[in-house]
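Q: Just a sequence and a predicted model for now, questions to come.
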Number of protein chains: 4
Amino acid sequence: MPTTDFQPADAAFAERVRASFERQSAMATLGASLARVEPGEVEVQLPYAAHLTQQHGFLHGGIVGAALDSACGYAGSTLMPADVGVLSIEYKINFVAPARGQRFRMVGTVVKPGRTITVVEGRAYAIDDGREKLVATMSTTLMAIAGRDDIKH
Amino acid sequence: MPTTDFQPADAAFAERVRASFERQSAMATLGASLARVEPGEVEVQLPYAAHLTQQHGFLHGGIVGAALDSACGYAGSTLMPADVGVLSIEYKINFVAPARGQRFRMVGTVVKPGRTITVVEGRAYAIDDGREKLVATMSTTLMAIAGRDDIKH
Amino acid sequence: MPTTDFQPADAAFAERVRASFERQSAMATLGASLARVEPGEVEVQLPYAAHLTQQHGFLHGGIVGAALDSACGYAGSTLMPADVGVLSIEYKINFVAPARGQRFRMVGTVVKPGRTITVVEGRAYAIDDGREKLVATMSTTLMAIAGRDDIKH
Amino acid sequence: MPTTDFQPADAAFAERVRASFERQSAMATLGASLARVEPGEVEVQLPYAAHLTQQHGFLHGGIVGAALDSACGYAGSTLMPADVGVLSIEYKINFVAPARGQRFRMVGTVVKPGRTITVVEGRAYAIDDGREKLVATMSTTLMAIAGRDDIKH
């Protein structure tokens, strides 16, 4: 059951998003996978990995940002027509707790879809010994780009 | 010759920053290195790498953000006393051009140092066929944390 | 019935917040009033006023920001001890629709309270001919300051 | 002598910006005036005014944001063609010192102009007993809108 009531413009949105995600080698390097692709909401998951840490052994804040950016961008992408690409214009991330845990969930949720500009909010959670904790929040501005092959999906 | 006129509180600031950077395995995964460590300014360099790209083969925006976050955080760290750690509270990144290039330079520069809160601005440049181009700007808020071993450097 | 489950540290939080709001002459100039003060959530209301518009006759975006900043700051303040002041370190606002309407509601909701740093999210709504529309979203970082009279409430 | 090397697309950019500023009643309420309009850079000035303060008698942070937003928006506007309007999509403001002073200068400077998206940075200064102090920094995303009368200037 979808958690938002947005209507996708492209019936094949999930396949399109999954195919694009597969082409992001940065996400493979992060060990990230797409856990959920719904109209207006996407969840990326990530196990802890020693090659992604900062100096105290927690997940690097910039890596949290990269995975959460991906979740937010694809959340916007789910609501786009098939021939429209999406660019992140900007994002802001607030770190509210150290990213300490065995697994991480990054959830991007569209707040306001638009023909040109879409605003998405993100939440990153750490799962540490079975307990989930909010570690970061994000707000992202996406721009829809039509008719340019180098920005398609 | 330093590019800012800030005075470091710790004469060994550069060694301290370099030692901390070495412990960030995420930066090794990115292939990032510290090109310059001055009072209030730090430059991180990064070669293009196929394992860090988005779906069009450019450097992933979130990876640009992770490296630039590191440059900004360490820029603030250069002005801290030896026993004080630094946390990124938040950052905002604007993407102004695709991160297309063979090499990347991320420069963090302190705008306003403070006992508790320090504000830093960042610039990410792509070097593409010998020409340098601005690809992203960042503004970051850092918090100084004294007396906690888990946040020291 | 409160809309969050945060516990206030100060039983008189609502009186304290209302007294501080009364001392903000900028809010009087905006015609803003406190509609709701709950633990972790504050709502500011504002009628349309011709002296607060931009060049097309809508509420000026910066004015939307000022009122929403106030709602977010006081939302954080509701959870602080009586002798602790609150500073806005930074905020980011996304404008998602023109601020066209007869009345405006600004709601600030604490996402993550903290001893030093508190993160709050805001939503600004325009009520236009009886229909409510989201016009802006905000994320704010607050810092708690104890023991300084010039930052108390 | 202009402080940036941007070329305006419209020779009458300064008149256009000044005429639009005059139509912003919010700026009149703030007592703000346009001190400088150059290609890619605009300065707004503001005297201290008791009706714009927060609870400690300093200029309200949200008012600083409103005036700085205006400086940034018009900085972008100087580089636009005559028939193109400008919307603030979002801004982020960092408060680095209390806005204490007799006068305030808000300077918006274009970092990256673009056909659709323009990124601008802002600095707010307080002049207190003849000394100038940085009180806030801003980064703003603007979108150019052609062919819509309700968003023209």
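A: Looks like it came in fine.
Q: gap between the lengthiest strand in chain A and the chain center?
A: Counting by DSSP state E, the longest strand found in chain A is strand A:131-146. Centre-to-centre, strand A:131-146 and its host chain are 6 Å apart (CA atoms, centre = their mean, to the nearest Å).
Q: For chain B, tell me whether that strand is touching it.
A: No. Strand A:131-146 stays clear of chain B (CB under 8 Å from any CB of the partner chain), getting no nearer than 9.0 Å. To be clear about C-beta, it is placed using only N, CA and C from the backbone, and glycine gets the same treatment.
Q: Next, the angle from that strand to strand C:131-146.
A: Angle between the axes of strand A:131-146 and strand C:131-146 is 130 degrees (criterion: axes from the mean of the first three to the mean of the last three CA atoms, to 10 degrees).
Q: Close to chain B: what parts of chain A are there?
A: Residues of chain A lying close to chain B (CB under 8 Å from any CB) are A:20-21, A:23-29, A:50-56, A:60-63, A:65-70, A:87-95, A:98, A:150-151, A:153.
Q: and if we set it to 6 Å?
A: Listed as neighbours of chain B in chain A under the rule CB under 6 Å from any CB of the partner chain: A:20, A:23-26, A:29, A:51-56, A:60-63, A:65-66, A:69, A:88, A:90, A:92, A:94-95, A:150.
Q: Okay, now the unreliable bits of chain A?
A: A:1-2, A:148-153 (pLDDT under 70).
Q: Hmm, A:Ala99 and A:Ile127 touching each other?
A: No. If you go by CB atoms under 6 Å, A:Ile127 and A:Ala99 don't touch, sitting 10.9 Å apart.
Q: The two - which one has more neighbours?
A: Using other CB atoms under 10 Å in any protein chain shown as the criterion, A:Ile127 and A:Ala99 rank with A:Ala99 on top: 24 against 16.
Q: give me phi/psi at the more buried one?
A: Backbone torsions for A:Ala99, taken as degrees, to the nearest 10, come to phi -80, psi 70.
Q: Leaving out the residues flanking it, which one is nearest to it?
A: Once flanking residues are discounted, A:Ala99 sits nearest to A:Leu59: 3.7 Å by CB to CB, 6 or more residues apart in numbering or on different chains.
Q: and if you look at A:Gly122?
A: Spatially, and ignoring its direct neighbours in sequence, A:Gly122 is nearest to A:Met138 (3.5 Å; CB to CB, 6+ apart).
Q: And A:Ala71, by the same measure?
A: Excluding its sequence neighbours, the residue lying closest to A:Ala71 (CB to CB, 6+ apart) is A:Gly108, at 3.7 Å.
Q: pretty sure the one you found is touching A:Gly73, no?
A: No. Between A:Gly108 and A:Gly73 there is no contact under CB under 6 Å: 7.2 Å.
Q: ok, the residue nearest to A:Ala99 - how many residues close by?
A: 25.
Q: where does it fall, phi/psi-wise?
A: Dihedral angles (degrees, to the nearest 10) for A:Leu59: phi -60, psi 130.
Q: Mind listing the residues bridging to it?
A: When assigned by DSSP bridges, A:Leu59 has beta-bridge partners A:Thr53.
Q: is it true that A:Tyr125 lies in a strand?
A: Yes. With DSSP: H, G, I helix; E, B strand; the rest coil as the criterion, A:Tyr125 is part of a strand.
Q: Next, the buried residues of stretch A:129-144.
A: A:133, A:135-144 (16 or more other CB atoms under 10 Å in any protein chain shown).
Q: same thing with stretch A:70-89?
A: Buried, per 16+ other CB under 10 Å, within stretch A:70-89: A:70-80, A:84-89.
Q: from those, which ones fall inside strands?
A: Per DSSP E, the buried residues of stretch A:70-89 map to strands at A:84-89.
Q: and chain C, which of the residues you listed reach it?
A: Okay, of these, nothing touches chain C (CB under 6 Å from any CB).
Q: Tell me the one among those residues nearest to chain C.
A: A:Ile89 (10.5 Å; CB to the nearest CB).
Q: Does the nearest residue to that closest one once chain neighbours are set aside have any beta-bridge partners, and if so which?
A: Excluding the flanking residues, the one nearest A:Ile89 by CB to CB, 6+ apart is A:Thr141, at 4.5 Å. Under DSSP bridges, the beta-bridge partners of A:Thr141 are A:Glu90, A:Val119.
Q: and A:Thr141, what does it touch?
A: With contact taken as CB atoms under 6 Å, 6 or more residues apart in numbering or on different chains, A:Thr141 is in contact with A:89-90, A:119, D:89-90.
Q: wait, which of the residues you listed is closest to chain B?
A: Checking the contacts of A:Thr141 against chain B by CB to the nearest CB gives A:Glu90 as the nearest, at 4.3 Å.
Q: I'd say the closest one and B:Asn94 touch.
A: Yes. With contact defined as CB under 6 Å, A:Glu90 reaches B:Asn94; the gap is 4.3 Å.
Q: Outside of stretch A:102-122 itself, which residues are in contact with it?
A: Outside stretch A:102-122, the residues that touch it by CB under 6 Å, 6+ apart are A:40-48, A:67-68, A:71-72, A:75-76, A:79, A:123-127, A:138-142, A:144, C:94, C:96, C:137.
Q: Extract the CA atoms of that stretch and return them as CSV.
A: The C-alpha trace of stretch A:102-122 is given here as CSV (Å, rounded to 0.1, in the frame of the first residue of the first chain):
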residue,chain,number,x,y,z
GLN,A,102,24.5,-2.0,11.4
ARG,A,103,22.1,-0.9,8.8
PHE,A,104,20.7,2.4,7.4
ARG,A,105,17.4,3.4,5.8
MET,A,106,17.2,6.5,3.7
VAL,A,107,13.6,7.6,2.8
GLY,A,108,12.8,10.4,0.3
THR,A,109,9.2,11.7,0.2
VAL,A,110,7.9,14.3,-2.3
VAL,A,111,6.4,17.3,-0.5
LYS,A,112,5.4,19.3,-3.6
PRO,A,113,5.6,17.9,-7.1
GLY,A,114,5.8,20.4,-9.9
ARG,A,115,6.1,20.6,-13.7
THR,A,116,9.6,22.1,-13.4
ILE,A,117,10.5,22.2,-9.7
THR,A,118,9.8,19.4,-7.2
VAL,A,119,10.6,19.6,-3.5
VAL,A,120,11.4,16.4,-1.6
GLU,A,121,12.2,15.7,2.1
GLY,A,122,14.4,12.9,3.3
